[in-house]
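Student: got a predicted model here, sequence first, then my questions.
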Amino acid sequence: MTQTFDALVVGAGFAGMHTLFRLRQMGMTALVIEKGTDVGGTWYWNRYPGARCDVPSLDYSVPWDPELDQQWYWTEKYSTQPEILTYASHLADRHDFRRDIKFETTVTSAVWDDARQVWTVGTDKGDSFEAKFFISAAGALSEPNLPDIPGIGDFKGELYHTGRWPRDKVELKGKRIAVLGTGSTGVQASTAIAREADHLYVLQRTAQFSLPCLTPPLTEEDHAELRVRYPEHREWQRGSYAATSSNIDTPFGMHAFDDPKEVRFANYEKAWANGTAALVGVYGDVSTNAEVAQEVSDFVRDKIRAKVKDPETAESLCPPPGSYVGTRRIIIDTGYFEIFNQDNVTLVDLRKDPIERITADGVQTKNNTYPLDMLVVATGYDAVTGPLISMNITGKNGVRLADTWADGPHTYLGIMVAGFPNLFTITGPASPGVLANVIFSIDQHVDWCCRAIEHMRAIGATTIDTTPEAEAEWNAHAMDTVKDQLRINDENNWYMGTNVPGKPRSVLVYQGGLGFYRDRCNEIAEDNYRGFVFGYEREKASA
Ligand code: NAP
């Protein structure tokens with residue numbers, strides 16, 4: 001039997017919970033469909049050792065429960081995964097969200113019926129649901145990118161993708177473990193696993209820049225100071241570039257080479273000592289001027305060389321010439337490079353000694369064999385589009401999302417796709433998403449969608465859609481925000497979709513900044529929802 005709701009929401013992470021909160025406020029009925037057994041999204045799935053957020057805890061909490069801001073106590077500057085998951089679970093308890101969530105259920109199809117103006121959503125449990133609105137809150141980094149390495153299916157040991165880490169305790173002690181991948185995840189996991197494993201092999205294809213994450217305990221004073229001005233702080237976050245106070249928002253200058261060398265290097269040291277991604281914003285042109293980026297990148301390479309005792313290992317850990325700090329999502333670590341001074345850790349430089357195959361017992365490279373008890377796959381995600389495409393969404397005239405995006409995604413504001421009425425894509429392609437503190441990207445999107453629904457009610461519309469022209473204009477603008485960035489040429493970068501073999505290169509994350517993006521979305525809404533098309537009940541339209 002088909003059950004009907006006003007809205008169906010996919011995912012019970014921060015985006016799904018926020019959406020449910022707002023829909024309930026608007027008096028709408030909603031069901032959230034969630035794959036996992038509980039709330040938390042990213043923080044539910046990524047429970048690998050060492051998982052931690054790279055946004056300060058006092059910034060990385062929801063702005064829609066101001067009472068909780070006055071009560072919650074974060075223990076460290078950058079929270080660990082268990083603490084964030086506890087927070088997410090507490091939100092679900094406080095607002096009794098679970099009664100409207102169907103857990104352990106995966107959406108397998110979503111089809112728009114244009115005659116009846118409803119979405120019909122099917123699941124792996126055989127459910128059939130119908131709703132006027134279909135809202136994806138499935139996350140940007142939730143569809144694992146699994147490496148296609150010969151023999152991976154033959155491995156007889158424990159094999160885990162970090163984004164699907166088991167809920168039961170995984171014993172690391174006494175084991176020979178390899179971590180494949182050295183992005184944010186691999187760096188965090190390796191740093192933690194090195195403390196327990198009998199031996200850890202870090203399988204590195206491309207060395208990456210990682211900056212120190214200093215995470216001191218937070219005090220009563222830290223909380224008290226912010227609590228008196230939390231409302232203002234939330235507003236500042238909403239209008240800022242990335243909704244995080246960890247970066248130096250005002251760089252030391254717009255152009256690094258306006259300062260003499262000693263001043264520049266003193267500023268690099270200051271930013272490095274700040275213990276965050278601040279170094280990437282130390283001057284306004286680090287991300288656009290190759291000469292400046294080269295200097296800052298060499299500064300980091302020297303820091304790596306100073307940390308790692310074995311010169312050959314240190315050189316392998318230095319990102320290759322031509323790569324610049326900040327072109328990929330910046331990594332912050334709590335002692336990653338130092339693990340290579342431990343006897344139980346070996347760096348395997350796959351550029352020098354590539355993997356030939358995985359065997360039943362471990363990894364076979366061109367020159368070596370590494371017997372393993374566990375292989376940890378930290379190879380990232382089919383980001384942003386992957387979770388949407390995996391739902392098998394079909395819009396007007398039987399057009400499948402997977403087909404219309406075959407050459408790359410196109411959206412209007414990252415929130416709607418032409419021909420897919422009443423489908424909202426929270427943190428969708430070409431919106432700020434994970435480039436900013438994602439809780440605030442979500443906040444802006446949820447707020448915008450709900451206001452659009454309220455507008456529909458006010459004008460008596462039953463559908464909202466967009467046009468290919470509006471999409472083309474938006475995609476051109478999104479491309480404009482990235483065209484001067486050095487990141488545009490970086491290969492294997494999930495921001496551009498190029499980390500997944502065969503995936504078309506496109507701007508998956510809007511680079512103009514959250515505040516600027518918000519102003520743009522508001523301006524479009526105020527201009528009578530320019531670029532959106534509203535539809536009305538059949539009878540009304542034909543009257
Ligand atoms: P990622 O940044 O895409 O890194 C994937 C890693 O796997 C890269 O080192 C890549 O090497 C390697 N890899 C992929 N396929 C491979 C193959 N077939 N053989 C060998 N190596 C392979 O993924 P991630 O580390 O999971 O991070 C994704 C995003 O999640 C981050 O950028 C961040 O936004 C988010 N995240 C945030 C935090 C945090 O808040 N601290 C923590 C974890 C993740 P190449 O470089 O050679 O491609």
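Tutor: Looks like it arrived, so ask away.

Student: and the most centrally placed residue in the chain, how far is that from the ligand?
Tutor: In the chain, the C-alpha nearest the mean C-alpha coordinate belongs to Val434, at 4.1 Å (C-alpha atoms, centre = their mean). Using C-beta to the nearest ligand atom, to the nearest Å, we find Val434 at a distance of 5 Å from the ligand. Placement of C-beta: from N, CA and C, glycine included.

Student: hang on, that residue packs against Leu141?
Tutor: Yes. Applying C-beta atoms under 8 Å as the test, Val434 and Leu141 come out as touching, 6.4 Å apart.

Student: what do the two both touch?
Tutor: Counting by C-beta atoms under 8 Å, 6 or more residues apart in numbering, the residues touching both Val434 and Leu141 are Ala383.

Student: surely Asp298 is in a strand?
Tutor: No. Using DSSP: H, G, I helix; E, B strand; the rest coil, the assignment for Asp298 is helix, not a strand.

Student: that one - how many residues pack around it?
Tutor: 14 (other C-beta atoms under 10 Å).

Student: now do it, the pLDDT please.
Tutor: Note for Asp298: predicted pLDDT of 97.

Student: and it, how far from Ser79?
Tutor: Distance, Asp298 to Ser79, using C-beta to C-beta, to the nearest Å: 32 Å.

Student: contacts for stretch 309-320?
Tutor: 204, 206-209, 297, 300-301, 304-305, 307-308, 325, 337, 340-341, 347, 349, 351-352.

Student: and those near the ligand, which?
Tutor: Among the contacts of stretch 309-320, proximity to the ligand is found for Thr206 (C-beta under 6 Å from any ligand atom).

Student: select only the buried ones of the contacts of stretch 309-320 in ChimeraX?
Tutor: To isolate the buried ones among these in ChimeraX, judged by 16 or more other C-beta atoms under 10 Å, type:
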select :204,206,207,208,209,297,300,301,304,307,308,325,337,340,347,349
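
Student: among the contacts of stretch 309-320, which are located in strands?
Tutor: Among the contacts of stretch 309-320, DSSP state E puts 204, 347, 349 in strands.

Student: mind checking the pLDDT average for stretch 325-338?
Tutor: Mean pLDDT, stretch 325-338: 91.

Student: over to stretch 456-468?
Tutor: 98.

Student: only C-alpha atoms, please: export that stretch in PDB.
Tutor: The C-alpha trace of stretch 456-468 is given here as PDB (Å, rounded to 0.1, in the frame of the first residue of the first chain):
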ATOM      1  CA  MET A 456       4.100  28.500  -3.500                       C
ATOM      2  CA  ARG A 457       1.400  28.300  -0.900                       C
ATOM      3  CA  ALA A 458       1.000  32.100  -1.000                       C
ATOM      4  CA  ILE A 459       0.600  32.200  -4.800                       C
ATOM      5  CA  GLY A 460      -1.400  28.900  -5.000                       C
ATOM      6  CA  ALA A 461       1.300  27.100  -7.000                       C
ATOM      7  CA  THR A 462       1.700  23.300  -6.700                       C
ATOM      8  CA  THR A 463       4.900  22.800  -8.600                       C
ATOM      9  CA  ILE A 464       8.300  24.600  -8.800                       C
ATOM     10  CA  ASP A 465      10.800  23.800 -11.500                       C
ATOM     11  CA  THR A 466      13.600  25.600 -13.300                       C
ATOM     12  CA  THR A 467      14.700  25.900 -16.900                       C
ATOM     13  CA  PRO A 468      17.800  24.800 -18.900                       C
END
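
Student: how far out from the middle of the chain is that stretch?
Tutor: Centroid displacement of stretch 456-468 relative to its chain, using C-alpha atoms, centre = their mean, to the nearest Å, is 29 Å.
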